[in-house]
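[1] Give me coordinates for this.
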Amino acid sequence: RKQIWSSPLKELNSQFVSPQTVALTTKPYPNVPGYMYAIQTSTGTVKKILGNVFGLSALMSTDEKRVIYLAQSSGAELYAYSIPERASSRLNPVTFPEKCVWSKKEPNIVYCAVPQQLLNADSLTNWYLGGVSYMDDIWKYDLSNNTSSVVVNLSDESGEKIDVTKPTLSSDEKYLIFINKIDGAPWSLDLTQ
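    Below is the predicted model:
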């Protein structure tokens, strides 16, 4: 065990992107600038990915070329960011990166749970604090052509209110697996149907 990096910042969200890279993002808070860094585990080299984004919440792709991120100032806006091109494009509908998972087989595809309710600048903070829960639908974003399409309305399909957290894809990417934040129950969704 060896320390590869240290920081005076105490509140960081970590994402183990690959065995070589850990992404660190400052904890999101509306109207407060946020930053995302990538740290190479072999050398401790730090690279700033995003910076000065108000209320930043972010999720890096497994190929380390893209980030989806939420910006929260006067409202909530979702973006896709290309790291090589250093360019952002807006995504709709708006959701939290915490409700998303990148495909490993198709690097431009992201599956996300999207709240049916309109999100504002305080929505993510209130969701983290447990002050609000959402009823989600599952959407597929295709960043190659900046499109999105609904996969399933979860409440219609399940007959329950489902607030998705901790989404992941099965190794064959036929199933989306997640936890219902409301009651802690695990769920899976067949993506082949």
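
[2] Okay, helices next: where are they in this structure?
    123-129, 154-158 (DSSP state H).

[3] Which residue, other than its chain neighbours, is closest to the residue nearest to the spatial centre of the chain?
    For the chain, the residue nearest the mean C-alpha position is Pro97 (1.9 Å; CA atoms, centre = their mean). Spatial nearest neighbour of Pro97, chain neighbours left out: Leu59 (3.8 Å); criterion: CB to CB, 6 or more residues apart in numbering. The way it works is simple: take the backbone N, C-alpha and C, and place the C-beta from them, glycine included.

[4] Which one of the helices of the chain lies nearest to Ser18?
    helix 123-129 (25.6 Å; CB to CB).

[5] quick check: mean pLDDT across the closest one?
    Averaging the model's pLDDT scores along helix 123-129 yields 93.

[6] next one: stretch 161-176
    97.

[7] do stretch 49-64 as well
    96.

[8] What lies in contact with that stretch?
    13, 15, 17-18, 21, 23, 25-26, 28-38, 66-73, 76, 81, 83, 96-98, 100, 102, 104, 107, 110, 121, 124 (CB atoms under 8 Å, 6 or more residues apart in numbering).

[9] Output the helices of the chain in TSV; the columns should cover distance to Thr192 and mean neighbour count.
    Output for these, formatted as TSV (distance: least, CB to CB, whole Å; neighbours: other CB atoms under 10 Å):
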stretch	distance to Thr192	mean neighbour count
helix 123-129	30	17
helix 154-158	14	14
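
[10] could you dump those to TSV with distance to Ser89?
    Putting these into TSV (distance: least, CB to CB, whole Å) gives the following:
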stretch	distance to Ser89
helix 123-129	21
helix 154-158	27
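
[11] mind checking how far the spatially closest residue to Leu9 that is not a sequence neighbour is from Lys10?
    Nearest residue to Leu9, sequence neighbours excluded (CB to CB, 6+ apart): Thr26, at 6.7 Å. Going from Thr26 to Lys10 by CB to CB, to the nearest Å gives 10 Å.

[12] ok, those two, which is more surrounded?
    Thr26 (21 against 6; other CB atoms under 10 Å).

[13] That's all I had, so thanks and see you.
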